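Participant: Make a model of this:
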Amino acid sequence: MGSNKSRELKKKLSKALQQNRRVPLFAIAKTAKRVTRNPKQRHWKVRKLKIKVD
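Facilitator: Below you'll find the model as predicted:
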């Protein structure tokens, strides 16, 4: 794909990148370890994004 990305695709990829983070340590501490993992977290090689490219 290289650098030939539309603005809309870049925006969707950027949002997916921001969502693919671990839960912050302060959130784990605040909830007494009840919240420890991010259900939306994905690995680049295992689960692919379902983004339509126009």
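Participant: residue boundaries of the helices in this structure?
Facilitator: 7-19, 25-30 (DSSP state H).
Participant: Give me the most central residue, the chain.
Facilitator: Asn20 (2.5 Å; Cα atoms, centre = their mean).
Participant: Low-confidence stretches in the chain?
Facilitator: Along the chain, the model assigns pLDDT under 70 to residues 1-2, 54.
Participant: repeat that for 90
Facilitator: 1-6, 51-54 (pLDDT under 90).
Participant: just to revisit the earlier point, let me know which of the helices of the chain is the nearest to Thr36.
Facilitator: Thr36 sits nearest to helix 25-30 of all those, at 5.8 Å, using Cβ to Cβ. Yep, even glycine has a C-beta here, placed from its N, CA and C like the rest.
Participant: Tell me which residues of that closest one come out buried.
Facilitator: By neighbour count with 16 or more other Cβ atoms under 10 Å, helix 25-30 contains no buried residues.
Participant: before we move on, back to that, how about JSON lines for the helices of the chain, with distance to Val53 added?
Facilitator: Formatted as JSON lines, the helices of the chain follow (distance: least, Cβ to Cβ, whole Å):
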{"stretch": "helix 7-19", "distance to Val53": "6"}
{"stretch": "helix 25-30", "distance to Val53": "34"}
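Participant: No more questions from me, cheers.
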